[in-house]
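[1] Got a predicted structure plus its sequence, pasted below:
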Amino acid sequence: MNGEEAARKLGISPASLSPAPPAPRFAETWARMQQEPPCSVCGQPSRTSGVIHEPAHGSRWFDRCRDCFLATPPTLPVPLARFLEELREASADARLRLHTYTDESGWEGE
């Protein structure tokens, strides 16, 4: 799910979030994460920061702690099988060993 979907799932109102730049540079997001602002959901120190875009409220910082992030994982833009296939190909091209774990088949590459 994307950030907007995650905020909805977690019951966060964009109006309650801090204003953010529309497209922050990585350095801006990293600097925010280093400050460990409180999780937008539960108030624990956040481990990830991102920006959501709400038409009525503009761009807002959406910070999540580990547990809130894991409750709303990002959606891959491609099916998992295709993602893993491309990851294996890139790993082979770079001559890197790759071990993957999926719930369906356990560890691969050992």
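    Here it is on my side, so go on.
[2] And for Ser46, the neighbour number?
    24 (other CB atoms under 10 Å). (Glycine included, C-beta is placed from N, CA and C.)
[3] now the strands: where do they sit in the chain?
    48-54, 58-64, 100-102, 106-108 (DSSP state E).
[4] Turn those into CSV, columns for mean neighbour count and distance to Pro24.
    Putting these into CSV (neighbours: other CB atoms under 10 Å; distance: least, CB to CB, whole Å) gives the following:
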stretch, mean neighbour count, distance to Pro24
strand 48-54, 18, 6
strand 58-64, 21, 8
strand 100-102, 12, 31
strand 106-108, 10, 36
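[5] could you redo these as a markdown table and give each row mean pLDDT and distance to Pro14?
    As requested, the strands of the chain are exported to a markdown table (pLDDT from 0 to 100; distance: least, CB to CB, whole Å):
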| stretch | mean pLDDT | distance to Pro14 |
| --- | --- | --- |
| strand 48-54 | 93 | 4 |
| strand 58-64 | 95 | 5 |
| strand 100-102 | 75 | 34 |
| strand 106-108 | 64 | 40 |
